[in-house]
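S.K.: Sequence and computational prediction follow.
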Amino acid sequence: MLRSKVRETKAHLAEQMLRIKIRDIRRATLPLRSGNEGWIGVSPRGDEYHVVVPVDVQIARGVMACNRPTDGTPFGGYSRHLYFRCPPFSDEGEDEERSRELQIAKTAGDLVHWLTSYGIEATIADETETENEAEAPAPCAGETVPGRGVSIGKESIACPRCTGRWKGLSNFLGNPHIRLAGYRACPEDFRRGRYLFVHNCGGTIEVSVSLFIRPRHAGRNLAGSHACPGMCLYEMNLSPCTAVCEGSCYRRVAGRLKSRGSRTGNNGRRSS
């Protein structure tokens, strides 16, 4: 009986702890040469978190010099959330991957310790734990903010802001009041990326890239390496990538979708 109660207590405490995925810390750990940083924001109650990346180093320093982290930030933060800076890793040595992994491990430990000072208990979930979770993987982008989201069923695509709904991908792409505005890459798994379409109502519809292209191997993942030009760090950059990387094909599709929108006469203006 006593052992049963102990197990129940441990299980209850585990449920109360904030589980931070190591892959999110990895995504927020950028190479020093990029000039950007990643941040992890935690809610005041410690029950959820989101990743903010990339953040321009100069802007981040200027903001944090004037405002406390709990006051929120202008780079995607929320009021009263706690924001932790994930230091970039040095990319000057020969073993760049080892340097990155060492920095990720240090950041993970520092983050858990830092949250403890705010009375928030957290644990780091490794790759094995996250892969075995029953729930569907969340988009790499972090939290969905008001006016942005995805609502895709087996037969229709819906705008999260208005009542617009399209049956099938062809009808969706053929609508002259929809245009491709960005591409949210997921460097850890490019198949989990999102194409961002803007409807004339002002809503943003996030559509999985897997609906447009059959996943295939087109080179190794070069994200974060010296051969990576860093285009995937910027959602609004739809330029093609010349790197022989498995993520390049998704950028080529983005270029075709953008051209298709231009040919249909879609310029993003509201219809009368």
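M.R.: Now that the structure is in, tell me what you want to look at.
S.K.: Strands of the stretch 151-272 of the chain, residue ranges please.
M.R.: Residue ranges of the strands in the stretch 151-272 of the chain, as given by DSSP state E, counting those that start in this stretch, are 151-152, 156-158, 165-167, 178-184, 194-199, 204-208.
S.K.: other SSEs contacting the longest one?
M.R.: With contacts taken as 3 or more C-beta pairs under 8 Å, 6 or more residues apart in numbering; DSSP states H and E, strand 178-184 sits against strand 194-199, strand 204-208, helix 248-263. Using the backbone N, CA and C atoms, a C-beta is placed for each residue, glycine as well.
S.K.: ok, back up a step: so which of the strands of the stretch 151-272 of the chain gets nearest Y250?
M.R.: Taking C-beta to C-beta, strand 178-184 is the member of the strands of the stretch 151-272 of the chain nearest to Y250, at 7.0 Å.
S.K.: between that closest one and strand 194-199, how many degrees?
M.R.: 150 degrees (axes from the mean of the first three to the mean of the last three C-alpha atoms, to 10 degrees).
S.K.: quick thing: my sequence starts at 561, can you match it?
M.R.: Will do, 561 is the new start, and the previous item becomes strand 738-744.
S.K.: Count the residues that sit near D607.
M.R.: Other residues near D607 number 10, with proximity taken as other C-beta atoms under 10 Å.
S.K.: I figured it was touching L578, is that so?
M.R.: Yes: using C-beta atoms under 8 Å, D607 is in contact with L578, at 6.8 Å.
S.K.: circling back: nearest approach to C646 belongs to which of the strands of the stretch 711-832 of the chain?
M.R.: For C646, the closest of the strands of the stretch 711-832 of the chain is strand 738-744, at 18.8 Å, according to C-beta to C-beta.
S.K.: where do the helices sit along this protein?
M.R.: Using DSSP state H, the helices of the chain run over residues 562-576, 582-588, 617-626, 656-676, 687-691, 729-734, 808-823.
S.K.: which stretch in those helices has the least confidence?
M.R.: When those are compared by mean pLDDT, helix 562-576 comes last with a mean of 48.
S.K.: Tell me the buried residues in stretch 587-594?
M.R.: For stretch 587-594, the neighbour count (16 or more other C-beta atoms under 10 Å) marks R587, A588, T589, L590, P591, L592, S594 as buried.
S.K.: what's the answer for stretch 780-788, then?
M.R.: L782, A783, G784, C788.
S.K.: what bits of the protein have low per-residue confidence?
M.R.: 561-576, 618-637, 653, 687-715, 775-779, 821-832 (pLDDT under 70).
S.K.: returning to that earlier point: which among the buried residues of stretch 587-594 gets closest to E766?
M.R.: Nearest to E766 among those, counting by C-beta to C-beta, is R587 at 17.2 Å.
S.K.: Enumerate every residue touching the closest one.
M.R.: By C-beta atoms under 8 Å, 6 or more residues apart in numbering, the contact list for R587 reads G598, V611, V613, C700, P747, E748.
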